[in-house]
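>>> quick one: sequence and predicted model below, then my questions.
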Amino acid sequence: MVVRVDTMLHPTGLLGRILMIEALMGRIRGGKEYKSRIIDIDILLYGNKVVKTKVLVIPHPAMHVRRFVLIPLSEIAGGVIHPVLRKSVRELMEECPDTSKVVKV
């Protein structure tokens, strides 16, 4: 699922709120390996900002290779330009190497 949110929060402030929501929903963070999670909220884009810190990278570094992200994102923001790759979300979806099946529910 992809949602658009308008906020006055700075990206790191938004991340703090997201982490709080995940914790309240029962997500336990820790470790470096992939684990199944009850909830996972990512910041894909933040306007045309590029952020690179130890705890936050925007745009999301793998969004352009994940069909399950690009398909719903293209429905609400297909014309938005990725600020690093300089391609629209629609273009990224067309070039996406991921061949996994995505089902709309």
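That came in fine, so what should we check first?
>>> quickly find the element holding Leu73.
Leu73 belongs to helix 67-77 when elements are defined using DSSP states H and E.
>>> what's in contact with that helix?
Contacting residues not belonging to helix 67-77 are listed as 1-4, 44-45, 60, 62-64, 80, 89-90, 92-93, 96, 98-100, 102, 104 [CB atoms under 8 Å, 6 or more residues apart in numbering]. All C-beta atoms are positioned from the backbone trio N, CA, C, and that covers glycine.
>>> buried subset of these, written for ChimeraX?
ChimeraX command restricting the contacts of helix 67-77 to the buried ones, with burial defined by 16 or more other CB atoms under 10 Å:
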select :2,44,45,60,63,64,80,89,92,93,96
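>>> out of the contacts of helix 67-77, which are inside strands?
The strands, defined by DSSP state E, take in nothing from the contacts of helix 67-77.
>>> re earlier: would you mind checking the average pLDDT for the helix holding Leu73?
Averaged across helix 67-77, pLDDT comes to 97.
>>> can you point out the buried residues in it?
Buried residues in helix 67-77, defined by neighbour count with 16+ other CB under 10 Å: 67, 69-71, 73-74, 77.
>>> closest one of the residues you listed to Thr53?
Nearest to Thr53 among these: Val69, at 21.0 Å, using CB to CB.
>>> got the contact list for the spatially most central residue of the chain?
Centrality entry for the chain: nearest residue to the mean C-alpha point is Leu44, 2.8 Å, by CA atoms, centre = their mean. Applying CB under 8 Å, 6+ apart, we find Leu44 in contact with 2, 58-60, 63, 69, 73.
>>> what residues sit buried inside stretch 4-21?
So for stretch 4-21, counting by 16+ other CB under 10 Å, buried means 11, 14-15, 18.
>>> hmm, back to that, in helices only, show me the contacts of Leu44.
69, 73 (DSSP state H).
>>> where is the longest helix in the protein?
Determined from DSSP H, the single longest helix within the chain is helix 11-24.
>>> please list the residues outside it that contact it.
In contact with helix 11-24 (CB under 8 Å, 6+ apart) are residues 7, 9, 29, 39-41, 43, 46, 49, 51, 53, 55-56, 58.
>>> centre of the chain to that helix, how far?
On the basis of CA atoms, centre = their mean, to the nearest Å, helix 11-24 sits 14 Å off its chain's mean C-alpha point.
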